[in-house]
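A.B. asks: just the structure for this:
(chains A, B, C and D)
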4 protein chains.
Amino acid sequence: MLIRLKRALAATTLDSILLVCKELGYSYAFLDEARTLLQLDGLGGADHRTRFEDLTGVASVLEAGSAYELHERAPGRKDTRVTVRNAIFGDGNVSLIGGPCAVEDSERLIEIAQRVEAAGATLLRGGAFKPRTSPYSFQGHGERGLESLAAARAATGLGIVTEVLDPRDVERVGAVCDMFQIGARNMANAPLLREVGRTQTPVLLKRGFAATVREFVLAAETILAEGNEAVVLCERGIRSFDKTTRNLLDVGAVAHLKRATHLPVIVDPSHAAGRADLVRPLSRAGLAAGADGLIIEVHPAPEEAQSDGAQAISAEEFSRITDDARILAGLDGRRLALSGTSKTQPVETLT
Amino acid sequence: MLIRLKRALAATTLDSILLVCKELGYSYAFLDEARTLLQLDGLGGADHRTRFEDLTGVASVLEAGSAYELHERAPGRKDTRVTVRNAIFGDGNVSLIGGPCAVEDSERLIEIAQRVEAAGATLLRGGAFKPRTSPYSFQGHGERGLESLAAARAATGLGIVTEVLDPRDVERVGAVCDMFQIGARNMANAPLLREVGRTQTPVLLKRGFAATVREFVLAAETILAEGNEAVVLCERGIRSFDKTTRNLLDVGAVAHLKRATHLPVIVDPSHAAGRADLVRPLSRAGLAAGADGLIIEVHPAPEEAQSDGAQAISAEEFSRITDDARILAGLDGRRLALSGTSKTQPVETLT
Amino acid sequence: MLIRLKRALAATTLDSILLVCKELGYSYAFLDEARTLLQLDGLGGADHRTRFEDLTGVASVLEAGSAYELHERAPGRKDTRVTVRNAIFGDGNVSLIGGPCAVEDSERLIEIAQRVEAAGATLLRGGAFKPRTSPYSFQGHGERGLESLAAARAATGLGIVTEVLDPRDVERVGAVCDMFQIGARNMANAPLLREVGRTQTPVLLKRGFAATVREFVLAAETILAEGNEAVVLCERGIRSFDKTTRNLLDVGAVAHLKRATHLPVIVDPSHAAGRADLVRPLSRAGLAAGADGLIIEVHPAPEEAQSDGAQAISAEEFSRITDDARILAGLDGRRLALSGTSKTQPVETLT
Amino acid sequence: MLIRLKRALAATTLDSILLVCKELGYSYAFLDEARTLLQLDGLGGADHRTRFEDLTGVASVLEAGSAYELHERAPGRKDTRVTVRNAIFGDGNVSLIGGPCAVEDSERLIEIAQRVEAAGATLLRGGAFKPRTSPYSFQGHGERGLESLAAARAATGLGIVTEVLDPRDVERVGAVCDMFQIGARNMANAPLLREVGRTQTPVLLKRGFAATVREFVLAAETILAEGNEAVVLCERGIRSFDKTTRNLLDVGAVAHLKRATHLPVIVDPSHAAGRADLVRPLSRAGLAAGADGLIIEVHPAPEEAQSDGAQAISAEEFSRITDDARILAGLDGRRLALSGTSKTQPVETLT
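C.D. replies: Model prediction:
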C-alpha cells in the first residue's frame, strides 16, 4: 500500500498512524524526505484501505496493493457466478429477467410469467412492495403480491426477484423470493444492505440514480462484508440534464465494472429509457458493452400502455431481444441461459 | 382541478376515471371536443392529485386547484413555525444549529456545546449514528453518542438534533433527541420517513443530493401525511459536474420553496461547500435567498483539520456568521432566535 | 399544427398571432372555449414551428404536424446517406474514422494513415487547428497540419476530416479537407455553423458536452437551413457527476436520434471513455444502439501513451473493433464500408 | 513549482522535460528515489504551468509556485477594478446592469434606459446580435440595434454592454459599445476571446452553462493573455437535472472566484432563475456571496410577460434590488456605484 500523508503532521498523529500499520501487520518506509509518502508491505485485508483513509493525517491511499476490497478483481480472481434457479449471471453466462412493474392479480401474473419464459426469460421480476415518490401513490400489494409471485413460480419454474424496501421485511420477503432486489433509492441504505447481506439469498443491487461508481461498489461491499457473496450489480441509468430518455444508461460504467470487479453486471434498459421503443437498442448496447444480463419490464397488455412514454414492452419484443442477446453473448464466447420451455431457438448463422 | 387525459381512451378506462371523480366528490365537464381536458369542481384533498396522476388514462394534472398537498402554501396559508426548545424556524424566525460532525467523548462535546451556544447557536447537532459510504468506515458511537448528546443538553440547555438511519432506531433515538435529522441518503427512504412521521418530534429533512425539488417536497409530504407537522426542509447542495465545491448549494430552490411551501427551509453550508473558507459566504447567500436558519459543522480544534478541504469552522467564525444572520434576517423584518447565554449582542439599527 | 396559447391574451396579441397563421397559409380553429388551443391546417414549412414558438402569446407548439424541420424524419422520409470518398454513413452503411488527435509531422501521419486504413478505416481524422482550454497549450500546426493531411490523403486515398474553429478559416480548411468537423465546444457557434452550411462539404457535427438532444438537432438544422444537406451527427459523451469515464456516452440519444432524424449518427468512443481500455466496449455499445459509424483516436506509438488514462488505441485494437463493427452492422442488415486496401476480411460465420 | 512525472519514463522523455526546465530558467531537484517528484525553483511565468502540463511524461503540476496565471490572485495582489463610465466593478465597488433582453426600437430603448438608470443601474444591457438555439428564431436587429444602443447612451449617459458573437463583428461592435459581452455559448470560443482580448474595451465574460470553474478562468486567461486586463466574470447559473429554476446559480463558484482570482465577479440572476419572482432573492444571494455586481433583464412592459415563467422584472423591482444591493455591499464595507440621476438615495447607517 502507498499512503500520502498530510504535510507537517503533529508527532502524535504520525505515531498513531504508524501504530495502526503495525497492528495490521505491515512493515513501512518513508519514500521522501518530507515524510509524506509512506510505503507499506504486508498481507492486506478488505477493510484496510478504508481504515487508513479514515485516519487523521492521511491525505489519500494512492495504491491499495494487496488490500483488495471484497468486490475488487484481484489479479487472477475469476468472475463470480451467481445462479438463481435456471438463471446464471457472470463467468461467461448471460440471463434475462422479465416481468411486470408491479404484481397485480395472481392469474394475470401466471400468464405473464408463462409468456416471458417462452420469450427467453429465466427469472421473473415483479414488485410486491413498491418504492414511490408520493405517499399517496399505490405502494404495492405487499404480502398478497408475494403470494402471487410464489404461485407464478409454482406454475412455471421461473425463479422470482422482488424488491425489499424495509430492513424489517427482509425475513418475510426472503422466505418467498429467490433473489432480493435493492432498488436505486435504497442503494445507500446501509441497514437494509446489511440485513440482506446476512442472508444467503442472491441480491440484485441497483445503482442509485446519482451514485458514483465508487459509491456503487461500496454498497456492494457492504453486502459482501456481511457474508453474502451472491451480488449482481445493475446499471439502470443515471440522472442528467437532458430528458430525451428518462435516465442516461451509463454503458461506460458497465464496461468499467466488468474490469474492476468480479461481480456480474446487468442492465435495466426499461428504467433507463422510460420509453418502450428504446428498450431494444439499449438492451443491445448494454450487452455489447459487456453486461451479463438484462432486467426488462414486460406489460401484460402493452397496447393499453403504448401511448405516452410507457416503458413496458410486449413479450414479442422481449423475444427479439432474446435473439439479440444470444448473438451478442456469442461475440465473446459467452452463453445465454435459457429455461427448458423457451421457444426461442439458437440462431444458426450470421453473416 | 384540470386533468389532461390521454387520447383515444377505451370506454372502460374513461368510465373508471369518471367513477373516481364521483367518489372523491367532484362534478366534472369536458372542455374540448376530443374529450381530453377534464375540469373538476369539488372540495379537494391532499391525496387527490396523486390519485388522479396514478390512474391509467390520465396524462397529467394540469392544475391542482383546491387539492392542496399538505406541504403546499394554499392561498392565505401562513408559515409553519417549528419550535425546538430555544430554536424557532419559520414565520419570521431564523435559528442557527452548530456542532461537530460525529459525537466523540462527552466532555469534549459539552465544551463544544458551550462554545457554539456562546457563538449564537440555539440547537446542537452531532451524529451518534453516521451514514457512511464504506462499510469499513467508523459508523458512530450509537447509544453512547446519544448519552453524550443528552449530557451536553443538560449542561447547556441547547436542544439536540441527531440523525436516525434505521426505522428500528426511531424509538430509542426519539427518546433522547429534540429533533430527528433525516440525512440526504435517506430522503427517499419511505419506511423511515413514515416512522418519524408517526412521532410528534420535529424532523429536519435534508434534500437528497440528486433529488428534484418535487421529490424533496413529496418526502416531506410522506412525513406530514402520517400526522407530524413539524418538518423543516434543509437544502445542502446537490451533485454537479464541477468539483470546486463538494456540492452545489441550490439557492434558487431555497427561494422557490419559501414561495411554494409553508414549511421552514434552512441551509447546510458545510456540506455544500466542503471547505471551511466558503462556509461563511454560503451561509450569507442562503439567508439572503430567504432561508430560515443554518446548520453548520463546528470543529473542536479547527487547526487540526484546517488543511485539505476540511469543512468544519471554528466557534469564532460561527460567531461572525451569527452577526451576518442578524443583519440579513433584519433585511426582511425577521428575527434571529438566540438562547439566553449567547454573548452575541443584537445590532441596534438597520435601515 | 396544434398550438397552446397563453391565457387571457390581449386582443391585439391574438390578432397578430392569427395574422401570422394566414400569412403562412394556414386555416385555423379554436378547440376549446377558453380559446387557448389553436388547430392549424396547411402545408407547413421547416421554420414554421419556431416562428410560432417565438410569438408573444404562444405558450407552446404541441404538435408540429406537417411543419417538419429539415432534420426531422417526416413519415416515409428515408435515411440521408453521406458519402465522403470511400466512407458512407447512413442508409444502411457504417464507416469507421481513425487517426491521431493532433497532426504532427507529415511522414508520421502517412504511416498512421496507412495503418488505420489497413485496420479498416475509410476516413482519416487529425487536428490541424486544436481547440484548447488553456491559451498556453499547443494550438495545432495550422496551415502546415493541413498540408500533412493532404499528403496523407495523396499517399493512401483516405478522405480527411479535420476541425474548423473559426468562421474565417472555413474557406482555407474547406479547400483541403473532405469533411469539416465542428467540435463539441463549437456546437452552438452559429456563425461557424452558418459558414460551413454555405459550403457543400460534408460536416461532422459533434454534440456539445452539455447540449440537450433538442439543442443538438437545432445546431444541425442551422447547417441544413443554409443549404448543406450532408450533416453527420456525432455523440461523444456528455458531462456528468461521475468521473469513472471522462464523459458519459449517451447511447439512448443515439437510438433516439436514429428514430427522430434522417441524418446519420456516429459515436466517438475515445472522447467518451478517455481511457484506451474502454474504447472497444463503447464502440460496440454505440454500434449496437444503432450508430452508423465510429470516430476513434489511434496513436502512432500507443505504448508511450498507455499509462495515465490516455485514450488513443493501437491499430491492432482498431482492427478488432472493425471486426466487431462488421458483425454488429450485420445484425440489422447494414454494411460496413471498407476501402480497397483494407486487410480485414469479412467474417464468414458466427454461431 | 512541484511536478509529478509519470513512472518509468524513457531517458529521452526525461531529458526533454529537464531541457524545458532549463530554458524557462528553473533549477531543479528530484525529491524521491523513483524520480517522479521534481522540484523547480525560478521566477515563474503565466504560461509555465500549462507548458509543463502539456509535456509528455508529466502527470500533473502539483504546486504552481510562482508561475501565477494572469487571472490568479498571487499573494498581495489586490483586486482588479474595472470601470465602464459610471459603473465600477471590483476592489470594493458594486454596480448594477439593467436592460431588455433584445434591443427593439430606439424610442422604447431610451425609455427603458431612463427607467433603469433612475432605478439604480449604471450600465445598460441590450442584445443587438442574439445567440439563438433555432436558426429560425429572431437573431436581433444587428447594426440597427447598435444604433439604438448608442442613442440610449446619448440620452442617458449610461454605458452600454452588448453581446458579440462573431470574431468578424468585434471591430464594429467595439466601435459602439463600452463593454463587450461574451455569452455563455461562446465562453470556449477561443477565436472570439482572442479578438476581444486584442482590444482595450472591457469584457463581460459569462460562464458556460456546463463549464467547470477551471475552464471559466482559463477562458478569462485567454483574453488576459492577449493584453486586455479589463475582464469581469459573470456567473449565470449552470445546467442541472432539476428544472425548478432554468439554471442553478452557483454561489459557491462566486465565493471561490473572489478568493482565487483578482477579477471582479458579477451574477446574472435573470438567466439563472428564468422566473421573475426569483430574481430578487437570487440577486441578494449573489451579492451576499461576494459578487461585485448584477446584470438583470428589465422588461419595458412586464405585465405582458408576467405569465409563464418570463424572467424580466419591472423597474420598480429593480429599484428594490438596488436598495438590497446597497445594504449587502455595506456588510463588507463595499460601495454601490450610482449614476448622478439615480433617484435611489444612499442608506445612512449600517452597523
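
A.B. asks: so which residue of chain A comes closest to chain B?
C.D. replies: residue A:210 (2.9 Å; CB to the nearest CB). (Each C-beta comes from the backbone N, C-alpha and C, glycine too.)

A.B. asks: mind checking the SS state of that residue?
C.D. replies: Going by DSSP: H, G, I helix; E, B strand; the rest coil, the secondary structure assigned to residue A:210 is coil.

A.B. asks: over to residue A:21?
C.D. replies: Classification of residue A:21 into helix, strand or coil gives helix, according to three-state DSSP.

A.B. asks: what is the longest helix along chain A packed up against?
C.D. replies: Longest helix in chain A, counting residues (DSSP state H): helix A:315-331. Here helix A:315-331 is seen to pack against strand A:93-99, helix A:106-118, helix A:279-288, strand A:293-297, strand A:335-336, helix C:315-331 when contacts are counted using 3 or more CB pairs under 8 Å, 6 or more residues apart in numbering or on different chains; DSSP states H and E.

A.B. asks: the residue of chain A closest to chain B touches residue B:240, doesn't it?
C.D. replies: No: using CB atoms under 8 Å, residue A:210 is not in contact with residue B:240; the gap is 10.2 Å.

A.B. asks: pull up the overlap in contacts between these two.
C.D. replies: When contacts are counted by CB atoms under 8 Å, 6 or more residues apart in numbering or on different chains, residue A:210 and residue B:240 have residue C:241 as shared neighbours.

A.B. asks: nearest to residue C:300, of the helices and strands packed on helix A:315-331?
C.D. replies: Closest of the helices and strands packed on helix A:315-331 to residue C:300 is helix C:315-331, at 9.1 Å (criterion: CB to CB).

A.B. asks: can I get the CA coordinates of that closest one in PDB?
C.D. replies: The C-alpha trace of helix C:315-331 is given here as PDB (Å, rounded to 0.1, in the frame of the first residue of the first chain):
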ATOM      1  CA  ALA C 315      -4.000   0.000 -34.900                       C
ATOM      2  CA  GLU C 316      -4.400  -3.700 -33.700                       C
ATOM      3  CA  GLU C 317      -7.200  -2.700 -31.300                       C
ATOM      4  CA  PHE C 318      -8.800  -0.700 -34.100                       C
ATOM      5  CA  SER C 319      -8.700  -3.800 -36.300                       C
ATOM      6  CA  ARG C 320     -10.600  -5.800 -33.600                       C
ATOM      7  CA  ILE C 321     -13.200  -3.000 -33.500                       C
ATOM      8  CA  THR C 322     -13.500  -3.300 -37.300                       C
ATOM      9  CA  ASP C 323     -14.300  -7.000 -36.800                       C
ATOM     10  CA  ASP C 324     -16.900  -6.100 -34.200                       C
ATOM     11  CA  ALA C 325     -18.400  -3.500 -36.400                       C
ATOM     12  CA  ARG C 326     -18.900  -5.900 -39.300                       C
ATOM     13  CA  ILE C 327     -20.800  -8.200 -37.100                       C
ATOM     14  CA  LEU C 328     -22.900  -5.600 -35.400                       C
ATOM     15  CA  ALA C 329     -23.800  -3.900 -38.600                       C
ATOM     16  CA  GLY C 330     -24.800  -7.300 -39.900                       C
ATOM     17  CA  LEU C 331     -27.300  -7.700 -37.000                       C
END
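
A.B. asks: picking up where we left off before, quick one: the helices and strands packed on helix A:315-331 as CSV, columns for mean pLDDT and mean neighbour count too.
C.D. replies: Compiled in CSV, these are given as follows (pLDDT from 0 to 100; neighbours: other CB atoms under 10 Å in any protein chain shown):
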stretch, mean pLDDT, mean neighbour count
strand A:93-99, 97, 28
helix A:106-118, 93, 20
helix A:279-288, 98, 29
strand A:293-297, 97, 28
strand A:335-336, 96, 20
helix C:315-331, 95, 20
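
A.B. asks: re earlier: of residue A:210 and residue B:240, who's got more company?
C.D. replies: Here residue A:210 and residue B:240 are set side by side on neighbour count (other CB atoms under 10 Å in any protein chain shown), and the busier one is residue B:240, at 26 against 21.

A.B. asks: what residues does that one make contact with?
C.D. replies: Residue B:240 is in contact with B:247-248, C:241, D:238, D:240, D:248, D:250, counting by CB under 8 Å, 6+ apart.

A.B. asks: assign it to helix, strand or coil.
C.D. replies: Judged by three-state DSSP, the three-state class of residue B:240 is coil.

A.B. asks: start and end of stretch A:128-135, how far apart?
C.D. replies: Here the two ends of stretch A:128-135 are set 16 Å apart, with distance taken as CA to CA, to the nearest Å.

A.B. asks: please pull out the lowest mean pLDDT helix or strand from chain A.
C.D. replies: Of all the helices and strands that make up chain A, the one with the lowest confidence by mean pLDDT, DSSP states H and E is helix A:302-305; it has a mean of 56.

A.B. asks: that older thread, tilt between the longest helix of chain A and strand A:293-297?
C.D. replies: Taking axes from the mean of the first three to the mean of the last three CA atoms, to 10 degrees, helix A:315-331 and strand A:293-297 form an angle of 170 degrees between their directions.

A.B. asks: run the chain-centre distance for helix A:315-331.
C.D. replies: Average the C-alpha atoms of helix A:315-331, do the same for its chain, and the two points are 21 Å apart (CA atoms, centre = their mean, to the nearest Å).

A.B. asks: and the helices in the stretch 151-300 of chain A, which stretches?
C.D. replies: For the stretch 151-300 of chain A, applying DSSP state H, counting those that start in this stretch gives helices covering A:170-174, A:190-197, A:213-224, A:251-260, A:269-273, A:279-288.

A.B. asks: and chain B, is the third one touching that?
C.D. replies: Right, helix A:213-224. Yes: residues of helix A:213-224 are located near chain B by CB under 8 Å from any CB of the partner chain, namely A:214-215, A:218, A:221-222.

A.B. asks: among those, which pair sits farthest apart?
C.D. replies: Comparing all pairs in the residues of helix A:213-224 next to chain B by CB to CB, the longest separation belongs to A:214 and A:222, at 13.0 Å.

A.B. asks: tell me, what residue is most central in chain A?
C.D. replies: In chain A, the C-alpha closest to the average C-alpha coordinate belongs to residue A:233, at a distance of 1.8 Å (CA atoms, centre = their mean).

A.B. asks: wait, doesn't that one sit right on residue A:207?
C.D. replies: Yes: with contact defined as CB under 8 Å, residue A:233 reaches residue A:207; the gap is 7.2 Å.

A.B. asks: now for these two: what residues contact both?
C.D. replies: Common neighbours of residue A:233 and residue A:207, counting by CB under 8 Å, 6+ apart, are residue A:216.

A.B. asks: and stretch A:106-122, how far from the chain's centre?
C.D. replies: Relative to its chain's centre, stretch A:106-122 lies at 23 Å (CA atoms, centre = their mean).

A.B. asks: how about residues contacting that stretch?
C.D. replies: Contacts for stretch A:106-122 (CB under 8 Å, 6+ apart): A:85-87, A:95-100, A:103, A:124, A:126, A:147-149, A:151-153, A:155-159, A:298, A:300, A:315-316, A:318-319, A:321-322, A:325, A:336-339, A:341-344.

A.B. asks: right, and chain D sits closest to which residue of the stretch 1-150 of chain A?
C.D. replies: residue A:32 (4.8 Å).

A.B. asks: pull up the residues of the stretch 101-250 of chain A that are close to chain D.
C.D. replies: Within the stretch 101-250 of chain A, the positions adjacent to chain D are A:210, A:239-241 by CB under 8 Å from any CB.
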